[in-house]
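Asker: curious how this folds, go ahead:
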Amino acid sequence: MLPYYYVADGNTAAYVRVGDESVPASPQQLSELARRGKNLTFESMPTKYKADDLTFTVFDAAFKRIKKLTLTENDYVSFGICSPDGILTTAGVMFSDECPLLQSRVFCTHWDGLDKSGGVDDAVDDKEFEGDLISQLMSSHEFVKMNSKVRWKKAADHRINKPDYADRAVFETLCNALMHRDYTVIGSEVHVDMYDDRLEIYSPGGMPDGTLIQKRDVYNVPSKRRNPVIAEIFHRLDFIERRGSGLKKIRNETADLYGYTEDFAPEFRSTATEFHVVLMNMNYDLRTDLGGDLVGAHQDSLQDARQDRIEGLLNFCSTPRTRDEMQQFIGLTDRGHFRESILKPLLESGKLRMTIPDKPNSRNQKYMRTSNHSDGAEK
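Answerer: Below you'll find the model as predicted:
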């Protein structure tokens, strides 16, 4: 992403190529290009902090636990997080327990619905993670796991697990976001947004070479690391595999999930200043009208999987269940949507019945699968 200059009327403007366009170079881009000319990166720049000013308990513990290695001062120097005279680099500061860089944070939000239209009041869960990069990575990963579900399907002699997302794909996406983001951008953080139908992870900074990822073949994108020190440490800790395999890993891990079709393929898109990854919720079809179209144009390919999940709910109701228990089982938080799209159609079709039919709004009301729709029941 080398700049070129346009000179007119005594003014000089710098531009860079982003995809097929030429756009004005931002101050951050010009600074980055100047550092490249000196074979430097932002993360390798010295800071005002000395190694003794900050602590590295999480960093040290990670190497002790994962690699059985007790780090020394020489290791810190060889990793590129500290100079021989004890001055921390920016990467060193970001791996410290008390990381003072405000832009080094992750905002995680689980939204109730398909967008943010309801504002923070519609957030089912939200967390902000700061401090060292390892804790940010682990805490963000745990947030996604806590706000996801693993459903299952009974097979002849075993159970098939059906998670919302491929766990390794989620972890790889989070690694990439922290590893490749542009830390020179002040006032912008990594964002993890969970919706009913998808998981979106945003990180500041586009492709380092100025190309657009949506116009590239993700299986043939060469490795160009904006933050090689962070990437190398993540690799040493076995967080990531060989360089340049991240996007392929995300695709392949998702493709291995039960019921996968190309409709669920991860989406990658970028601009000059942003990078987005979208992972589709493999179990989203439960949040649709039983007799209607599947939101998101997946109906044909997911019809069988959807019926399996509805059958699972009916089996769950072989014993009386409350409405809250049913919603928790299928992972729906919107009571109105559950009533109109799930509960009401099942009652009207005769597949479910109320235990207190004379008092439909009773707080003691429960729902049970009808005998004529039970497995092996007489018709």
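Asker: what sits up against stretch 86-104?
Answerer: With contacts defined as CB atoms under 8 Å, 6 or more residues apart in numbering, stretch 86-104 is touched by 42-47, 49-59, 76, 80-83, 130-134, 136, 183, 185-189, 204, 227, 229-230, 233. (C-beta placed from N, C-alpha, C; glycine too.)
Asker: just the buried ones from the residues you listed, in PyMOL syntax?
Answerer: The following PyMOL line selects those of these that are buried, judged by 16 or more other CB atoms under 10 Å:
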select buried, resi 42+43+44+47+49+51+54+56+58+59+76+80+81+82+83+130+131+132+133+134+136+183+185+188+189+204+227+229+230+233
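Asker: among the contacts of stretch 86-104, which are in helices?
Answerer: Secondary structure from DSSP state H places 57-59, 76, 133-134, 136, 229-230, 233 of those in helices.
Asker: could the residues you listed go into JSON lines alongside pLDDT and distance to Ser245?
Answerer: Converted to JSON lines, the ones in helices among the contacts of stretch 86-104 look like this (pLDDT from 0 to 100; distance: CB to CB, whole Å):
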{"residue": "Thr57", "pLDDT": "96", "distance to Ser245": "30"}
{"residue": "Val58", "pLDDT": "96", "distance to Ser245": "26"}
{"residue": "Phe59", "pLDDT": "97", "distance to Ser245": "24"}
{"residue": "Tyr76", "pLDDT": "97", "distance to Ser245": "27"}
{"residue": "Leu133", "pLDDT": "97", "distance to Ser245": "20"}
{"residue": "Ile134", "pLDDT": "96", "distance to Ser245": "21"}
{"residue": "Gln136", "pLDDT": "96", "distance to Ser245": "22"}
{"residue": "Val229", "pLDDT": "96", "distance to Ser245": "19"}
{"residue": "Ile230", "pLDDT": "96", "distance to Ser245": "16"}
{"residue": "Ile233", "pLDDT": "97", "distance to Ser245": "17"}
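Asker: nearest to Thr271, of the residues you listed?
Answerer: Nearest to Thr271 among those is Ile230, at 22.0 Å by CB to CB.
Asker: surely the closest one touches Asp132?
Answerer: No - with contact defined as CB atoms under 8 Å, Ile230 does not count as touching Asp132 (11.4 Å).
Asker: picking that back up, of the ones in helices among the contacts of stretch 86-104, which is the nearest to Met282?
Answerer: Met282 lies nearest to Gln136 out of the ones in helices among the contacts of stretch 86-104, by CB to CB, at 25.9 Å.
Asker: quick one: contacts for the closest one?
Answerer: Residues near Gln136 by CB under 8 Å, 6+ apart: 104-106, 129-130, 178, 190.
Asker: show me the protein divided up by domain.
Answerer: Each domain of the chain is listed here as a residue range: 1-40, 137-280, 284-373, per automatic domain parsing.
Asker: quick check: phi and psi at the residue nearest to Lys359 when sequence neighbours are not counted.
Answerer: Nearest residue to Lys359 in three dimensions, chain neighbours excluded: Gln365, at 7.1 Å (CB to CB, 6 or more residues apart in numbering). Here is the backbone geometry of Gln365 (degrees, to the nearest 10): phi -60, psi 140.
Asker: which residues touch Thr254?
Answerer: Residues in contact with Thr254 (CB under 8 Å, 6+ apart) are 165-166, 169, 260, 264-266, 279.
Asker: how far away is the residue nearest to Cys82 when sequence neighbours are not counted from Gly86?
Answerer: Excluding the flanking residues, the one nearest Cys82 by CB to CB, 6+ apart is Tyr76, at 4.1 Å. Distance of Tyr76 to Gly86, computed by CB to CB, to the nearest Å: 9 Å.
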